[in-house]
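>>> Next comes the sequence, and after it the predicted model I'd like to discuss.
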Amino acid sequence: MSQPLRVAVVGAGPAGIYAADNLCKSDPDVTVDIFDRLPTPYGLIRYGVAPDHPRIKAIIVALHQVMTNPRIAFLGNVHVGVDVTLDELRQYYDAIIVATGAERDKHLDLPGIDLPGSHGAADFVSFYDAHPDRERGWDLTGVRSVAVLGVGNVALDVSRILARTGDELLYTEIPPHVHAVLRASSITDVHMFARRGPAQAKFTPVELRDIDRSANVQAVVDPAGMEFDEASEKALAGSKSLRMVVDVLSEWALREPTPGPHRRIHIHFLQNPVAILGSEHVTGLRTERQVLAGDGTVSGTGELHDWDVQAVYRAVGYRSEPLAELPWDPAANVLPNVAGRVLDADGERVPGIYATGWVKRGPVGLIGSTKSDAAETVANLLADAPQLSRAPQRDRTAVLALLAGKDLPVTDFAGWDRLDAHERALGDAETAAGAALARERVKVISREEMTHIARADRD
């Protein structure tokens, strides 16, 4: 009789946790260890979702339930490929699923892109979510008008956070240093730019409506870009969600900016950014007017417009990063794979190595796509199980001994529960001290402090 499967998952975001859950539901004997370079689980749910989006963060409730399975262990503060190699992990696991996600900004080849005042959306998200490995400072000094390139959900998040006042976010888990930056902000106008038309917008109806819910912010759509071609009409007929998006945009295109809200988010369609202007700092953005070609594509008209902005945020997509010892597709920024089975440079399968989530298919899709990704990858792993080489060491205790020998301050899921309770208690304390609105938690920022709290039963 073959030995029960031992599987390592690299990455404790939704993709990795769903893969572990699927494995345990499909195989009653499998055991799974989930590694993450951060001391906390949940990945972009904790460090990639705007603080004023509690319904998305509610996904953590379901993920927490998965992580309480005794056959699943969380091993935080372990950077696979740096602290421990894949070859080392192969000594303890029969298969490895890579679920490292995508948290870096996709590059945009645009003149002036490297000017001070030009930022990647992922960097700004990491700032306002207080990622422990990112800079805590952010300079909005002298910025009155901002350009955001892109019309996806991340672009909406960035625009909304830039437009809202710091005090509006005090009920969330926004950290004090982020609140201070936003409270001092002099931004009055945020301009979002889309190369194509409204029927090609990538955001969801709920996310779109959220940018207009603040009493201090009004969303305005430039009516000049509200154009549709044959492909647009076909797309609208086939998608209820897209129709809802376009209905909201059409409503906003009919209204004029009012003197009430002192900040505005302007959405411009059919405007292609061609250059970021400035010499020592961003002083403007140049766009070219586009025209729909009938098939959903666009072409330039030669009509240029310079926008007076002092900062530019590109929200044109995230990218994954390669993992040491594994092949990489530098064009798509993913692990080369077929249905989750990782391939080498010659297109041959790498035995025992699998991928799921954004590092498998690129940074597109929502949670539902992540779940189906995990199901496909796990199904193929289990189909391969009879042919997989069994690891010589099969005890979780041996893995912990390996990590201890490297002097790594490993955190576990009980440690996360301890940190979670600590952050919630800080929120309760601030609320009791007179916070305007109840705070669910106050996020601990530094890796060292998170680790100390999580390991309180050992350190």
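Great, that's in hand. This one's a predicted model, so the numbers in the text were calculated from it and none came from an experiment. Numbering: from 1, shown residues only.
>>> who touches residue 356 in this structure?
Each residue near residue 356 by CB atoms under 8 Å, 6 or more residues apart in numbering is listed here: 15-16, 18-19, 97-99, 340, 370, 373-374, 376-378. The C-beta positions use only the backbone N, C-alpha and C, and glycine is treated the same way.
>>> mind redoing it with 10 Å?
Contact analysis of residue 356 by CB atoms under 10 Å, 6 or more residues apart in numbering lists 9, 11, 15-16, 18-19, 22, 97-101, 335, 337, 340, 370-378, 381.
>>> Drop anything exposed from these.
In the contacts of residue 356, burial by neighbour count holds for 9, 11, 15-16, 18-19, 22, 97-101, 335, 337, 340, 370-371, 373-378, 381, counting by 16 or more other CB atoms under 10 Å.
>>> Among these, name the ones in helices.
15-16, 18-19, 22, 370-371, 373-378, 381 (DSSP state H).
>>> Any idea which of those the model trusts least?
The member of those with the lowest pLDDT is residue 370, at 87.
>>> Just to check, it is in contact with residue 19?
Yes - if you go by CB atoms under 10 Å, residue 370 and residue 19 touch, sitting 9.2 Å apart.
>>> so what sits against both of those two?
99, 356-357.
>>> Which one of those is nearest to residue 192?
residue 357 (27.1 Å; CB to CB).
>>> Tell me who's in contact with the nearest residue to that closest one once chain neighbours are set aside.
Among residues not flanking residue 357 along the chain, residue 15 sits closest, at 2.6 Å (CB to CB, 6 or more residues apart in numbering). The contact partners of residue 15, taken as CB under 10 Å, 6+ apart, are 9, 43-44, 97-101, 355-360, 367, 369-371, 373-374, 377.
>>> And residue 183, by the same measure?
165-170.
>>> want to throw these into TSV with neighbour count, distance to residue 303 and secondary structure?
Below are the contacts of residue 183 laid out as TSV (neighbours: other CB atoms under 10 Å; distance: CB to CB, whole Å; DSSP: H, G, I helix; E, B strand; the rest coil):
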residue	neighbour count	distance to residue 303	secondary structure
165	18	36	coil
166	17	38	helix
167	12	41	helix
168	21	37	helix
169	20	38	helix
170	16	44	coil
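>>> List the buried residues for stretch 391-410?
391, 394, 399-400, 402-403, 408-410.
>>> okay, how far is it across it, tip to tip?
22 Å (CA to CA, to the nearest Å).
>>> Stretch 248-268 now?
Note: stretch 248-268 ends 14 Å apart using CA to CA.
>>> re earlier: make a markdown table out of the shared contacts of residue 370 and residue 19 and add pLDDT and distance to residue 344.
Output for these, formatted as a markdown table (pLDDT from 0 to 100; distance: CB to CB, whole Å):
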| residue | pLDDT | distance to residue 344 |
| --- | --- | --- |
| 99 | 97 | 20 |
| 356 | 97 | 18 |
| 357 | 94 | 20 |
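>>> quick one: which of those residues is nearest residue 417?
Among those, and counting by CB to CB, the member closest to residue 417 is residue 99, at 21.7 Å.
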